[in-house]
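J.: Starting from these lines, generate the structure:
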Amino acid sequence: MAEKTKVVEVVPYDPAWKAEYARIEARMLEIAGDLIIAAEHVGSTSIEGLSAKPVIDIDLVMESYEKLPEIIRRLQQYGYEHQGNLGIEGREAFRSVKEDGFMKYHLYVCPKDGKGYREHIVFRDYLRSSPSAREEYQAVKQRLAKEYRYDIDSYCEGKTEIVHSILQKAADPRIRL
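T.: Residues are numbered from 1 along each chain as shown. I've put the predicted structure just below:
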């Protein structure tokens, strides 16, 4: 099971997150670079200027699920535990079972056409290009972090409506940024 966040903390954007992502990405490419087609920094820490929980999200993108058994085997050799999709189709979660020297991060392996991966990219790219959506999302996250400081599930549930709204806007070509 994924490690539960004990305290929900949303902090101002930190430019060091880019460098930390690059360190994690380099490690993942060493482990499974020949099995994936891309690595992507997703989630709030990938959006410059957006306050976030200080947790890096990385998607390793595979051509198809045919690669997954070998990716699982490789990651296990380096101390990662496969957690399944954790209820989200098109995304396989992993966690490090030993200290690896990185800041906290979530590692996902996704097929290139998987819903989880596509939504991560669409959401990230829309927030990067829309200051008003970014500010609105940030305000919701900050409010929820105060309201649900010790309840990560309620924090996540509270974001559902705005996340769906942003995904809908991002997918509608008639909506201008």
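
J.: going forward, measure contacts and count neighbours with C-alpha atoms only.
T.: Noted.

J.: Just the CA atoms of the helix or strand hosting R27, as CSV, please.
T.: Here R27, judged by DSSP states H and E, is contained in helix 16-32. C-alpha atoms of helix 16-32 as CSV (Å, rounded to 0.1, in the frame of the first residue of the first chain):
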residue,chain,number,x,y,z
ALA,A,16,15.0,23.1,-6.6
TRP,A,17,12.2,20.6,-7.5
LYS,A,18,13.4,20.7,-11.1
ALA,A,19,16.9,19.6,-10.1
GLU,A,20,15.6,16.9,-7.8
TYR,A,21,13.4,15.6,-10.5
ALA,A,22,16.4,15.4,-12.8
ARG,A,23,18.3,13.4,-10.2
ILE,A,24,15.4,10.9,-9.8
GLU,A,25,14.9,10.7,-13.6
ALA,A,26,18.6,10.0,-14.1
ARG,A,27,18.4,7.1,-11.7
MET,A,28,15.2,5.7,-13.4
LEU,A,29,16.9,5.9,-16.8
GLU,A,30,19.9,4.0,-15.4
ILE,A,31,17.5,1.3,-14.2
ALA,A,32,15.0,1.0,-17.0
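
J.: next structured bit after that helix?
T.: The C-terminal neighbour of helix 16-32 among helices and strands, as given by DSSP H and E, is strand 38-42.

J.: Please tell me how far the following helix or strand past that next one is from the chain's geometric centre.
T.: Of the helices and strands lying after strand 38-42 in sequence (DSSP H and E), the nearest is strand 56-62. Computed by Cα atoms, centre = their mean, to the nearest Å, the chain-centroid distance of strand 56-62 equals 7 Å.

J.: Mind telling me what element S154 is part of?
T.: Per DSSP H and E: S154 is located in helix 152-171.

J.: and what of C110?
T.: Applying DSSP H and E, one finds C110 within strand 105-111.

J.: Need the residues that contact that strand.
T.: 55-65, 90-95, 116-117 (Cα atoms under 8 Å, 6 or more residues apart in numbering).

J.: Give me the buried subset of those.
T.: 55-62, 90-95, 116-117 (16 or more other Cα atoms under 10 Å).

J.: what is the mean pLDDT for the strand holding C110?
T.: Averaging pLDDT along strand 105-111 gives 97.
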